[in-house]
Each structure stands twice: as structure tokens, then as C-alpha cells.
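Asker: model the structure of this input:
(chains A, B, C and D)
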Protein chains: 2
Amino acid sequence: MTKPPLPTRLSGPAESPGFLLWKISNAWQRRLRVALQPYGLTHSQFVLLATATWFGAEETLTQARLSQLSGIDPMTTSQVLRALEAAGLIERIDHPQDPRAKAITVTKAGRDLARKAVVAVEDADAAFFKPLASDTKRLVAMFQSLVEGNERVDE
Amino acid sequence: MTKPPLPTRLSGPAESPGFLLWKISNAWQRRLRVALQPYGLTHSQFVLLATATWFGAEETLTQARLSQLSGIDPMTTSQVLRALEAAGLIERIDHPQDPRAKAITVTKAGRDLARKAVVAVEDADAAFFKPLASDTKRLVAMFQSLVEGNERVDE
DNA sequence: ACAAGATAATATGTGCGCTTACTATAAGCG
DNA sequence: CGCTTATAGTAAGCGCACATATTATCTTGT
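Answerer: The predicted structure follows:
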């Protein structure tokens, strides 16, 4: 190593937390995709359906609110919710107070599917993080401080 | 809470490691995008350019090998490398031994750009993981065990 | 009451991860 | 030698994250 080809601080990508984060996130997405496949849901569809099911019990949801709750981009939220509507899992009716907005309600089929899918997702999640065993709590704490330390300006 | 709308084990998504992983990965991608913008590179372009620069000093690289080294999907690798070629950062010449393959070499412009970009990426990385301070080492160790515990069958 | 700014939803377009399918060629084996 | 299998690269297409821009409507300040 007389003259390294790149002025990097690390001896390779395997030690870069960002590179590892990217790989792990991809692996997790792959696993989730497989876990959700039997239910005909994509990850985003599941997140929005589950969020709508969970919070729909408490408040009248709009797409903007769902986007905020789920962390999914408003454009993607719009698109995915239309897919969920086409699948008969939710309904998008004109909002009674605000004609700009759509009121989102989960159908019975949507609720039933969400109940089944959430079990599969939590199983997949548990399997994915199993290598960490009891350290998972520590990881969650680290993740939470990363989320806080890297908030977007808005929201 | 007489009857929760979903049979979930957690009190909300904020405690799910998978959900947090997804959010953090998105936030990291956003930051990398901004960091690389001045260099006209996307994340995948940077990874492939840096990998090619790094390992190109040691061996004759093919697209398949680069895909393997970088962890980027072969299809995406093909596509991104053509973009890098169009930008004059790499060259894709027919492989001397194997006519199916392309031999990838980094141009001087590519090497120079990689050297500058890698600094920006490492700065962005450091800033992103700064909230963890010295715990970053611990996180890297956790990430490594997750990568090992969730390998794909192939590779 | 009215103008100015914020907000809800959507159109359009880019890039990427991934899948499936295809061509061409290499490598192994009887 | 010829057959099978594996491999390198590509085409086409889906879904999502994101950026930018548009339309319609709400909200706020004066």
C-alpha cells in the first residue's frame, strides 16, 4: 500500500456505517417483500394500510395526515392509496369539511388483511433482527437518536 | 384501549426496529444525495466509481465483479456504468479474455472526481452518525452481525 | 372583506432496486 | 466432440423516494 487509490479514512467499505446501513436496509426490504407477497401487499401499501387501520379508529384521516403519520412521501401516499382503493382495502371519499381533501377509511377487507399482514411483518422483523438478540433494544435507542439528530427541517 | 385495531406487539411504529431502519435509511440517502450533488453523482454512481477506483488498482474488473464488490444489483450496475461512461469517468472496453464481458477502467477524470467525492461522502457520513458519538463503533458491529445473519443465499 | 400565504391532492419526470426474460459465450463432462 | 450448465451483459417493466410544478381551496392578517 504505497499509494492508496483513494484518500479514504477506512480500510474498506465494510467499516463504513453508511455503506452498511444501505446494505442492511436493502436486505430488510427484500425480506419484507417476501413476507408480504402472500398478502399481495408491497411495503408501502402495508405501512399505509396499517397506519390507516391504527389511527383511523381515532380520527378522520386525510392523505396528508397519513403521509405525516407514516413518513411516506405525499406523492407516493397518493399513488399507493389509489392502489389500495382499487384493491378494495380502503375508500377515498370527499372530505366533508375540506373539499380539497379525501377522507380515508379502511374497509372490512382492509382491516382483516392488515391484521393478518401485521403478524407476518412482525415475524419477519423479529427474524431479521434476531442476530442482535437482546441488543435490539440498544439498536432501537441508537436509531431513535439518529432519527432525532437528523430530522428534516419541516414536519 | 378496549380493543386495539391491530394485533401488534408494539405500542406504535416508533419502537419497531424495521420501521426505524427504513426511515433512517431514507434520511441517509437524502443526505448523501445532497452531499454528492455538487459532483454530479448519484449514490450508486459514487459507489461504483469509488469501488472501481479502489479495486481497479489490483485486478481487471468486469461489471459482474463490480456488482459483487459493491453490492449493487447487476442490472443497475450495467445501467449506472453506462452513465459513468457517458460522463467520461470510466471506460468499458471488450474484455481481452472473455468476449461476453466488459473490462472497466477508471479514467483520470473519474479518479480525480472519486478522490474529491469520497471526502464529501465521508464528511456526510460522519455528520449523520455524529449523534451516536463513540457508540458508532458499536453500531458498526451490530450492522456487521446483521449483514452476516441475513446474507442472501447466493453471492 | 380581501389579499397573501399555507395546504391537499395530483401531474410529470428521474433514479434505483428488483424481477423476468433473453442472447451470447464459457466451462465442465461424458 | 457435443451437450449441459453457468455466466456476462442487456431489455423491458414495476414500485417507491424524491423534486418540481399546478390547481383548488383554506387560513390568516389587516
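
Asker: tell me, what residue is most central in chain A?
Answerer: Geometric centre of chain A, nearest residue: A:Val47, 5.1 Å, by CA atoms, centre = their mean.

Asker: for that residue, give me its contacts.
Answerer: The contact partners of A:Val47, taken as CB atoms under 8 Å, 6 or more residues apart in numbering or on different chains, are A:70, A:72, B:19. To be clear about C-beta, it is placed using only N, CA and C from the backbone, and glycine gets the same treatment.

Asker: of all the residues you listed, which comes closest to DNA strand D?
Answerer: A:Ile72 (4.6 Å; CB to the nearest atom of the strand).

Asker: can you give me the helices in chain A?
Answerer: A:17-36, A:43-55, A:63-70, A:74-86, A:108-128, A:136-149 (DSSP state H).

Asker: just to revisit the earlier point, roughly how far apart are the residue nearest to the centre of chain A and DNA strand C?
Answerer: 16 Å (CB to the nearest atom of the strand, to the nearest Å).

Asker: around DNA strand C, pick out the residues from chain A.
Answerer: With the criterion set to CB under 7 Å from any atom of the strand, chain A comes near DNA strand C through A:22, A:26-27, A:29-30, A:33, A:62-65, A:74-75, A:78, A:81-82, A:92, A:95, A:98, A:100-102.

Asker: so A:Leu48 makes contact with A:Thr77?
Answerer: Yes: here A:Leu48 reaches A:Thr77: they are 6.5 Å apart, a contact under CB atoms under 8 Å.

Asker: make a PyMOL selection of the buried ones in the residues of chain A next to DNA strand C.
Answerer: Buried members of the residues of chain A next to DNA strand C, defined by 16 or more other CB atoms under 10 Å in any protein chain shown, are picked up in PyMOL with:
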select buried, chain A and resi 22+27+29+62+63+65+78+81+92+95+101+102
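
Asker: contacts with DNA strand D among the residues of chain A next to DNA strand C, please.
Answerer: A:75, A:98, A:100.

Asker: now do A:Pro5, the pLDDT please.
Answerer: Here the pLDDT value assigned to A:Pro5 is 67.

Asker: er, A:Glu155 I mean
Answerer: If you check A:Glu155, the pLDDT there is 40.

Asker: now swap in A:Val80 and tell me
Answerer: Reported pLDDT for A:Val80: 97.

Asker: just list the residues touching A:Leu139, thanks.
Answerer: Applying CB under 8 Å, 6+ apart, we find A:Leu139 in contact with A:129, A:132, B:17, B:139, B:142.

Asker: rebuild those residues as JSON lines, extending it with distance to A:Thr53 and pLDDT.
Answerer: JSON lines is the format used below for the contacts of A:Leu139 (distance: CB to CB, whole Å; pLDDT from 0 to 100):
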{"residue": "A:Phe129", "distance to A:Thr53": "24", "pLDDT": "95"}
{"residue": "A:Leu132", "distance to A:Thr53": "29", "pLDDT": "91"}
{"residue": "B:Pro17", "distance to A:Thr53": "21", "pLDDT": "93"}
{"residue": "B:Leu139", "distance to A:Thr53": "32", "pLDDT": "94"}
{"residue": "B:Met142", "distance to A:Thr53": "31", "pLDDT": "94"}
